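# Structural data only, the sequence is not supplied:
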């Protein structure tokens, strides 16, 4: 505890010295960097292979993101609504996409292109109190697995795969543990977190502080996130993008532990615009959904990874340069699974991993279904 208090004090001093919080924008950028972000990736990023993501693909992404017709909700047996969105092919094997943190159903749009090319239906599911999904106070990761099962029954999906990205990792593990073998055929986790007892060693300091904040100072985290919500409410995207690129220096990104490889993505106007839209949807109902997510990610999962059935194919994708969800977390998950998972390690950051390997991850998942 003393170490955490000293870390918060040191971070506050450093923030004052660098004047990182001298405007609401800088506070937003700090939170933007600190979260286990959903992978919002653009065609203008230097790391993109033109053969994998054309300019036309990018235009399609923007069209799909603005097109709300792909979003639906379903009333669960307990009366809650669960929000979801369709992407990818209209027919074919079904894959449920579990978004990152903070994230929402709309981030499933980035699997639309791979889904269409591979003939897979992507069903991006939103967790409670986020976007258009009803709250479920005190929920567990296993509760969301039950929601997925009920939604699949409603959609008449006989069998399916699961992709969990970043903060969606523990929920993907919960699905692997709880869902029946005849239904869930394969699981892919991309830069995904695992049980909190794995520890936070290797995380960049801003992520480390955020998760320790959830564990020991949730009221402080809530206050900060309410400030983020007020920024999103008071400033249009265009203004935030303009201020970000004019005031937030490369040095500031490095101070926030951004890898050199990721700085170009973090400063990309299209990336920022999409991230802001996803954040707006994530916070649509206020801060409670964010706080519940943090509580689940920093609490016991109520099941052991070792008890996940050995017959289920699981693929794990992690980046050597990822300091949001370090490689050691993926290695720890792999060591606990009895199913002999396929561990794919790439020389990528948290963001660039999904940018470059979302197609490959979906392809491997489908091969195992």
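Arrived safely, thanks for sending. Because the structure is predicted, anything quoted here is derived from the model rather than measured.
# does residue 149 belong to a helix or a strand, and which?
Element membership for residue 149, per DSSP states H and E: helix 141-154.
# What residues of that helix count as buried?
141-149, 151-152 (16 or more other C-beta atoms under 10 Å). (Each C-beta comes from the backbone N, C-alpha and C, glycine too.)
# Of these, which is the nearest to residue 301?
residue 141 (5.1 Å; C-beta to C-beta).
# confidence score at the nearest residue to the closest one once chain neighbours are set aside?
Leaving aside its sequence neighbours, residue 141 sits nearest to residue 174 (C-beta to C-beta, 6 or more residues apart in numbering; 4.0 Å). pLDDT for residue 174: 98.
# count of neighbours near the closest residue to residue 346 other than its chain neighbours?
Ranked by C-beta to C-beta, 6+ apart and with sequence neighbours excluded, the top spatial neighbour of residue 346 is residue 319, at 5.6 Å. Neighbourhood size, residue 319 [other C-beta atoms under 10 Å]: 28.
# Ramachandran angles for residue 165?
Backbone torsions for residue 165, taken as degrees, to the nearest 10, come to phi -110, psi 130.
# Please read the previous query as pertaining to residue 73.
The phi/psi pair for residue 73 (degrees, to the nearest 10) is phi -140, psi 150.
# re the thing from before, tell me the confidence at the residue nearest to residue 346?
95.
# quick check: angle from the helix or strand containing residue 289 to helix 141-154?
Secondary structure from DSSP H and E places residue 289 in helix 288-297. For helix 288-297 against helix 141-154, the angle by axes from the mean of the first three to the mean of the last three C-alpha atoms, to 10 degrees is 110 degrees.
# Which stretches in the stretch 201-350 of the chain count as strands?
314-319, 342-346 (DSSP state E, counting those that start in this stretch).
# tell me the angle the last one makes with strand 314-319.
An angle of 10 degrees separates the directions of strand 342-346 and strand 314-319 when computed by the same axes, to 10 degrees.
# so what secondary structure elements neighbour strand 342-346?
In terms of contacts (3 or more C-beta pairs under 8 Å, 6 or more residues apart in numbering; DSSP states H and E), strand 342-346 is packed against strand 314-319, helix 327-336, helix 350-368.
# Give me whichever of those is most buried.
strand 314-319 (a mean of 24; mean count of other C-beta atoms under 10 Å).
# Report all helices and strands that that strand contacts.
strand 184-190, helix 327-336, strand 342-346, helix 350-368.
# Show residues contacting the second one.
For helix 327-336, the surrounding residues in contact (C-beta atoms under 8 Å, 6 or more residues apart in numbering) are 169, 173, 189, 191-194, 198, 201-202, 304-306, 316-320, 341, 343, 345.
# shaky segments in this structure?
1-69, 244-268 (pLDDT under 70).
# could you pull out the strands for the stretch 1-150 of the chain?
71-75, 81-88, 94-98, 121-125.
# Highest mean neighbour count out of those?
strand 94-98 (a mean of 27).
# now for it, which elements pack on it?
For strand 94-98, the packing partners by 3+ C-beta pairs under 8 Å, 6+ apart are strand 121-125, helix 141-154, strand 160-165, helix 169-178, helix 350-368.
# now that strand and strand 184-190, what's the angle there?
Going by the same axes, to 10 degrees, strand 94-98 makes 40 degrees with strand 184-190.
# Please tell me how far strand 94-98 is from the chain's geometric centre.
13 Å (C-alpha atoms, centre = their mean, to the nearest Å).
# now the angle from it to strand 160-165?
20 degrees.
# Would you give the sheet partners of strand 94-98, along with the direction of each?
When pairing is defined by DSSP bridges, strand 94-98 lines up against strand 121-125 (parallel), strand 160-165 (parallel).
# Show residues contacting it.
87-88, 108, 111, 115, 120-125, 144, 148, 151-152, 155, 157, 159-165, 168, 171-172, 175, 362, 365-366.
# and the angle for it with helix 350-368?
Using the same axes, to 10 degrees: strand 94-98 against helix 350-368 is 150 degrees.
# Tally up the residues packed near residue 106, please.
There are 28 residues near residue 106, going by other C-beta under 10 Å.
# Make JSON lines from the strands paired with strand 94-98 and add distance to residue 83 to it.
Shown next, in JSON lines, are the strands paired with strand 94-98 (distance: least, C-beta to C-beta, whole Å):
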{"stretch": "strand 121-125", "distance to residue 83": "8"}
{"stretch": "strand 160-165", "distance to residue 83": "17"}
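# which residues touch residue 361?
Residue 361 touches 163, 188, 190, 315, 317, 344, 354, counting by C-beta under 8 Å, 6+ apart.
# Reformat these as a markdown table; add distance to residue 136.
Formatted as a markdown table, those follow (distance: C-beta to C-beta, whole Å):
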| residue | distance to residue 136 |
| --- | --- |
| 163 | 22 |
| 188 | 25 |
| 190 | 25 |
| 315 | 29 |
| 317 | 29 |
| 344 | 33 |
| 354 | 27 |
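# about what we covered before: now distance to residue 212 too, for the helices and strands packed on strand 314-319, in a markdown table please.
Formatted as a markdown table, those follow (distance: least, C-beta to C-beta, whole Å):
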| stretch | distance to residue 212 |
| --- | --- |
| strand 184-190 | 23 |
| helix 327-336 | 16 |
| strand 342-346 | 27 |
| helix 350-368 | 19 |
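# out of those, nearest to residue 271?
The nearest among the helices and strands packed on strand 314-319, by C-beta to C-beta, is helix 350-368 at 8.6 Å.
# could you measure the residue positioned nearest the centre of the chain against residue 93, distance?
By C-alpha atoms, centre = their mean, the mean C-alpha position of the chain lies nearest to residue 100, the distance being 1.3 Å. Applying C-beta to C-beta, to the nearest Å, the value for residue 100 to residue 93 is 23 Å.
# before we move on, what about residue 136?
For residue 136, the distance to residue 93 - C-beta to C-beta - is 29 Å.
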